[in-house]
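Visitor: Please find the sequence and the predicted model below.
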Amino acid sequence: MSDPFDLPFFDEPGGEPAPNPPARKGGGGIAARAMAARGGPQAQTPDYVSGLNPEQRQAVETTEGPVLVLAGAGTGKTRVLTTRIAHILATGRAYPSQILAVTFTNKAAREMKTRIGVLVGEAVEGMPWLGTFHSIGVKLLRRHAELAGLRSNFTILDTDDVIRLIKQLIQAEGLDDKRWPARTFANMIDGWKNKGYAPKDIPEGDARSFANGKGRELFQAYQDRLKTLNACDFGDLLCLPIRMFREHPDVLAEYHRKFRYILVDEYQDTNTAQYMWLRLLAQRPRSRQDMTPQGGDNRPSDRSDAPAQASADRRDAAVSANESQQINICCVGDDDQSIYGWRGAEVDNILRFEKDFPGATVIRLERNYRSTAHILGTASHLIAHNEGRLGKTLFTEHADPDASKVMVHAAWDSEEEARAVGETIEQLQRPDRDGRTHNLNDMAILVRASFQMREFEDRFVTLGLNYRVIGGPRFYERQEIRDAMAYFRVVAQPADDLAFERIVNTPKRGLGETTIRTLHDIARARGVPMLTAAEDIVETEELKPKPRASLRNVVENFRRWQKMLDNTPHTELAEIIFEESGYTDMWKNDRSAEAPGRLENLKELVRSMEEYESLRSFLEHVALVMDAEQNAEQDAVTIMTLHSAKGLEYETVFLPGWEEGLFPHQRSLDEGGRSGLEEERRLAYVGVTRAKRNLHIWFVSNRRIHGLWQSTIPSRFLDELPEAHVDVQESGSSYGGYGGAFAQGRGGGYGNAGRQNPYGASRFDNVGSPGSGSFSNTYATPGWARAQANKTAATDRNWGTRSGQGIERIGYGESDSQRGAGRGSVKTRTIEGELIAKSTMDTPSAFSVGDRVFHQKFGNGNVAAIEGNKLTIDFDKAGQKRVLDGFVTGV
DNA sequence: TAAGGTGAAGTTTTT
DNA sequence: CTTCACCTTA
C-alpha cells in the first residue's frame, strides 16, 4: 500500500461489523477450520485445541466477558494467546480486523503474528490491529492526526532527538544545562507521560524539583515545540490517543463498535497510561454516565476502591454481559514477572483486574513445561517471600530422577567467577557418556547489570569460546545511521527541524554556530521550518557570502531530492543523497579506525531499506522498530541482562553476581524500599525460571565497582532458596588456590561445605544434612546473620579500624599484575550490538607474523605472534593487544 | 577544525 | 577503572 494513511475506516467486509461473518471470508485456512468447528454444538474438538491442557483450553474457549489469565513462567502463555485468537477467528466470532491484540515489544508482536499464521493460514495478514501499544497508537494518530493537533505525516522523535530538543529549551530559558541535565528532564517527562499527565496535571512537587521550579513551564514549552515541529515522542503515542478518545466520544464509539475482542500480553507490565488506554477501549460507556469510568484523573489510588464506583462497575458489567456487542477483554500476564516498575509499569494493574472488570474469569496456568522440579521448587520458594501476589505455584508432571539440583557456587572475585563459569561451559561442551554434547546456543549467562558482562567477555575471548551479547548499542543508534536517517527525514518531512539541524553541517560545510543560530531565530520568528527559512535567507544579505553559498547548495539539494521522492526508487534515492551530500566522502576521507565500519553500516542500511515500499514506510518502521535482528547461526553462549532474558529459555543458565548491593541492587533498595526489593526478587525469579535443566548461581567475595575493590556479602536471596533443591558446589581447584587462612579470612568458607569457619553456621555449610531447618522469610536467617557478622568481622580483621560499611580496598596494582599483558582490554562489542568471538582452534590462522591487519576497534597494526586463532598484534595507536583472528582483516 | 586534556559520573530498557 | 561530554589549545 503506497499510502498507509488512507485506509477506509472499517476494513472488514461491508463496512459494518457482522456478528457472524461467513466462514469463507478471511482465507481458506480459516474457512476450513471454521467449518470443522461448526459441525454442531457438540462438534468434535477442533485440532488446534486438542493439544492444550484443561486450563489452557479454558483460557482459549472462554471468549466472552473479561478474562485474566495468570500464566506462570513456562506454562504456555503465548500458545494460549495465539490459539485464542485462532479460535475466535475460526469460530466466526469476529473478523481479523475486529480483534485488537497488544504486546509490549515488536519481537512479541512478530512472534504472535507468525504463530497465529501457523494456526490459521494467511488470515493473519488481515490482522491490522496486532502490534505494540506504541505502533497501534501511531496508527490511531495517523488516522485522526488533526484531532490530536498534528498532521498525519508527523515525525516520531526518539530519545536522542528529545534530549537535543530539551537541551535547546533549557538553554533558551537561560538555565545552566549542567545543573539541569536534559537527559534527566527527558526521563521526567517520560515518567509523567507514562502516567498520562499533561503539563497541567503534574504534581506541584515534581514541577518544582526541576529547573528552579520551572518544570511545568519547561514541559509545556516542550509540548509546544513538538507541535510546531509536527512531531511527537514515544510517550505521546500513548497519551495523545487517550486525550483524543476523551475529547471525541464519537471517535471512541467507532472503535467500541469495531473492536469486539481485546487481548493484552504481559499485562503486568502496563503503565498507567496504557491502562487508561485499554480501559477506554474495553469499557463501553454506561448509558447516562461519563465516557471515562473513573472521571478525569485515573490515578490508581482514587478509583476502584470507592464503593459507589464499584457498584456502578458491576451494574455496567451486568448490562454489557447481556449486550450482543460487548467488548471482550483478555489479559495475560504474570504478577511474579513484573520487572519494569522502574519505568512506570504498575503491578497494581494486574492485581486489580477483578475489581476493574467485575465478573472476570481468572484462570491460572501453573503447569510448567519448561523446567525440572528442582528449578521450579527453587523458583517457587524464592518468590514466596514476596507479599502482595496473586499467588501461583508452578508444578511439573514430568518427574526426572536424573535432574540435578540447583548449584550455588562461591568465588573469590569476579575474575575467578568468570573463569569458573568458562570452565563449566567447556566441560558441558565435551560429550557426555552417551556421546551427547551441549550446544553453546543452549546456555546463557544472565547478569544483573551490564558491567558484569565485561569480565565474561574478556574470559571467553581468551578461551576462544564463542559468545554473543544481547543488548548494547543498537544499529539505529549509531551516529552514521542517525545522520542518514536525518537526511531522509528532512526529505520526507521538510518541517523536521531537528533532523535538519543534525545534518545541515554534516559533513562540514562551513555552517557554524552563528549561521545556524541566525537561521533558527528567523525560523522561529516567522513560524516556518528552518529549511524554508534557509530558502528565504539565501536570497538576502543577512548572511556572509560564504555560508550563504553553502546554505544555498544545501537547500537546492534538499529541494531536488524532495522532487525525486515520488518517482525514484527509495534505495536509489538514498544512495544519491549519500553521494550528493558528500556524506559518503566524509567517511571515506576519515582516517579513523571506525570509518570503514561506518561505511559498511550505511550499505547495510540501504540493504535493509529494500524490504520497504517507500522511504516513508521505512521511516515509520524505523521509528518504532529500533531493533536489528540477531544472527543465531553461530553456536555461541548468550550473555545478557536478566531484564532482556524475560520470555526466553535455556537448557543451562548461569546467574552470577548474587551479592548484596548488586543483586538486589543497592539503588533499588534505596529508591524503591520494600517494593524495590520485591521487584529485585521477581527479577531473580525470572532468572531462575529461564533454566530448563541446569541452573548455576554464583556469588563472589570481592568485586571491583567503579575501579574500587569492595568486599561483598552474599545476596539475601541465597538464603531464600529451598535447601531441598539446592546444592552448594565446592569449586575445587580454582577456588582452593588461596590457602586456608586466607580462605577463612576472606569470607569464611562459603562454598566449602562442612569446613569450619569462624563465623558460625551457615546454611550453606549444612546443605543436605538432616534436620537443618527451613528458612523463614525474615532476613534473620543464620546465613544472613552470619554474613552480617562476617561483613564487620572481615573488615576489622583485614583493616583494623575500618568501620562496618562493607567497603574496603584490597589494593589496586596487585590484581593488575596478575592479569598479565594483553588481558583486560579486549573490547569486542563493536558491531551491530553483537559480535561473536569466533573460535577456530582446528583451522590454522589465515595470517602470519608481520602481516598488516585492520581491526574494527583498534585500527591498523602488525601481527606480532600467533597461537592458534589468537593473534598478538602491535597496533599503531592502541598498542599491543591479543585478539581473535576473526576480528581482523588483512590490509 | 581536530586533537588532547579535564572532570563527572557510572542499574535495569522499550517504544 | 572506564567512558563520555565538553572545553581548551595548536
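Guide: On my side now, so go ahead.
Visitor: Give me the three-state assignment for residue A:596.
Guide: helix (DSSP: H, G, I helix; E, B strand; the rest coil).
Visitor: any idea how far it lies from DNA strand C?
Guide: Remark: distance between residue A:596 and DNA strand C (CB to the nearest atom of the strand, to the nearest Å) = 19 Å. Where C-beta positions appear, they are placed from N, C-alpha and C, glycine not excepted.
Visitor: what's the answer for residue A:152, then?
Guide: Residue A:152 sits 33 Å away from DNA strand C, going by CB to the nearest atom of the strand.
Visitor: which residues touch that residue?
Guide: The contact partners of residue A:152, taken as CB atoms under 8 Å, 6 or more residues apart in numbering, are A:5, A:141, A:142, A:143, A:145, A:146.
Visitor: how many neighbours does the residue in the stretch 201-350 of chain A positioned nearest to DNA strand C have?
Guide: Residue nearest to DNA strand C within the stretch 201-350 of chain A: residue A:211 (16.3 Å; CB to the nearest atom of the strand). Residue crowding around residue A:211 was assessed by other CB atoms under 10 Å; the count is 22.
Visitor: now the residue lying closest to it once chain neighbours are set aside, what's its secondary structure?
Guide: Leaving out its chain neighbours, the residue that sits closest to residue A:211 by CB to CB, 6 or more residues apart in numbering is residue A:180, at 4.9 Å. Using three-state DSSP as the criterion, the local structure at residue A:180 reads coil.
Visitor: quick one: residue A:180 and residue A:170 touch, right?
Guide: Yes: the criterion here is CB atoms under 8 Å, and residue A:180 meets it with residue A:170 at 5.7 Å.
Visitor: When the two are compared, which one has more neighbours?
Guide: residue A:170 (24 against 19).
Visitor: Can you give me the distance of that one to residue A:678?
Guide: 36 Å (CB to CB, to the nearest Å).
Visitor: What about residue A:361, how many residues nearby?
Guide: Number of residues near residue A:361 (other CB under 10 Å) recorded here: 16.
Visitor: List the contacts of the closest residue to it other than its chain neighbours.
Guide: What sits nearest to residue A:361 in space, not counting adjacent residues and going by CB to CB, 6+ apart, is residue A:67, at 4.8 Å. Shown in contact with residue A:67 (CB under 8 Å, 6+ apart): A:59, A:328, A:329, A:330, A:331, A:360, A:361, A:362, A:363.
Visitor: Any idea what residue A:67 is bridged to?
Guide: Beta bridges link residue A:67 to residue A:330, residue A:361 when assigned by DSSP bridges.
Visitor: what's the burial count for the closest residue to DNA strand C within the stretch 551-700 of chain A?
Guide: DNA strand C sits closest to residue A:594 of the stretch 551-700 of chain A, with a gap of 11.6 Å, by CB to the nearest atom of the strand. The tally of other residues near residue A:594 (other CB under 10 Å) stands at 17.
Visitor: Over to it: give its phi and psi.
Guide: Backbone geometry at residue A:594, expressed as degrees, to the nearest 10, gives phi -80, psi -20.
Visitor: Distance check, it against DNA strand B.
Guide: Distance, residue A:594 to DNA strand B, by CB to the nearest atom of the strand: 12 Å.
Visitor: Quick one, grab the pLDDT at that residue.
Guide: On pLDDT, residue A:594 comes in at 73.
Visitor: what's the burial count for residue A:621?
Guide: 16.
Visitor: That one contacts residue A:612, correct?
Guide: Yes: at 6.4 Å, residue A:621 counts as touching residue A:612 under the criterion of CB under 8 Å.
Visitor: Would you mark the buried spots in stretch A:584-596?
Guide: Within stretch A:584-596, the residues that count as buried by 16 or more other CB atoms under 10 Å are A:584, A:586, A:587, A:593, A:594, A:595, A:596.
Visitor: which residues are common contacts for residue A:180 and residue A:170?
Guide: Residues touching both residue A:180 and residue A:170 (CB under 8 Å, 6+ apart) are residue A:211.
Visitor: residues near the residue nearest to residue A:615 when sequence neighbours are not counted, how many?
Guide: Nearest residue to residue A:615, sequence neighbours excluded (CB to CB, 6+ apart): residue A:570, at 4.1 Å. Residue A:570 has 23 neighbours, counted by other CB under 10 Å.
Visitor: Now do the contacts for residue A:570.
Guide: Contacts of residue A:570 were listed using CB under 8 Å, 6+ apart, and they are A:609, A:612, A:614, A:615, A:618.
Visitor: ok, for residue A:155, nearest residue in space, not its chain neighbours?
Guide: Spatial nearest neighbour of residue A:155, excluding adjacent residues (CB to CB, 6+ apart): residue A:231 at 4.3 Å.
Visitor: My guess is the one you found contacts residue A:498. True?
Guide: Yes: with contact defined as CB under 8 Å, residue A:231 counts as touching residue A:498 (7.5 Å).
Visitor: which of those two has more neighbours?
Guide: The neighbour count for residue A:231 versus residue A:498, taken as other CB under 10 Å, is higher for residue A:231 (24 against 21).
Visitor: Give me the phi and psi for the more buried one.
Guide: Taking degrees, to the nearest 10 as the convention, residue A:231 sits at phi -140, psi 160.
Visitor: re the thing from before, would you turn the contacts of residue A:67 into a markdown table with pLDDT and distance to residue A:112?
Guide: Listed next are the contacts of residue A:67 as a markdown table, based on pLDDT from 0 to 100; distance: CB to CB, whole Å:
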| residue | pLDDT | distance to residue A:112 |
| --- | --- | --- |
| A:59 | 95 | 15 |
| A:328 | 91 | 18 |
| A:329 | 94 | 17 |
| A:330 | 96 | 13 |
| A:331 | 95 | 15 |
| A:360 | 92 | 22 |
| A:361 | 94 | 22 |
| A:362 | 94 | 22 |
| A:363 | 95 | 19 |
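Visitor: which among those gets closest to DNA strand B?
Guide: The closest of these to DNA strand B turns out to be residue A:331 (CB to the nearest atom of the strand; 18.2 Å).
Visitor: How many neighbouring residues does that closest one have?
Guide: Each residue near residue A:331 was counted by other CB under 10 Å, and the total is 26.
Visitor: For residue A:109, see how far away it is.
Guide: Residue A:331 sits 16 Å away from residue A:109, going by CB to CB.
Visitor: and if you look at residue A:534?
Guide: In terms of CB to CB, residue A:534 sits 40 Å off from residue A:109.
Visitor: what is the mean pLDDT for stretch A:113-122?
Guide: Per-residue pLDDT values across stretch A:113-122 average out to 83.
Visitor: do that stretch and DNA strand B meet?
Guide: No: judged by CB under 7 Å from any atom of the strand, stretch A:113-122 and DNA strand B are separated, with a smallest distance of 13.5 Å.
Visitor: The top helix by length along chain A packs against which elements?
Guide: Secondary structure of chain A per DSSP state H: the longest helix is helix A:666-688. Packing contacts for helix A:666-688, counted by 3 or more CB pairs under 8 Å, 6 or more residues apart in numbering; DSSP states H and E, involve helix A:373-383, helix A:642-645, strand A:650-655.
Visitor: give me that answer again for 10 Å
Guide: helix A:347-351, helix A:373-383, strand A:443-447, helix A:642-645, strand A:650-655, strand A:691-705 (3 or more CB pairs under 10 Å, 6 or more residues apart in numbering; DSSP states H and E).
Visitor: ok, the fifth one: who's next to it in the sheet?
Guide: The pairing partners recorded for strand A:650-655 under DSSP bridges are strand A:443-447 (parallel), strand A:691-705 (parallel).
Visitor: ok and that strand relative to helix A:666-688, angle-wise?
Guide: Strand A:650-655 and helix A:666-688 are oriented at 160 degrees to each other (axes from the mean of the first three to the mean of the last three CA atoms, to 10 degrees).
Visitor: Show me how far strand A:650-655 is from its chain's centre.
Guide: Taking CA atoms, centre = their mean, to the nearest Å, the mean C-alpha location of strand A:650-655 is offset from the chain mean by 20 Å.
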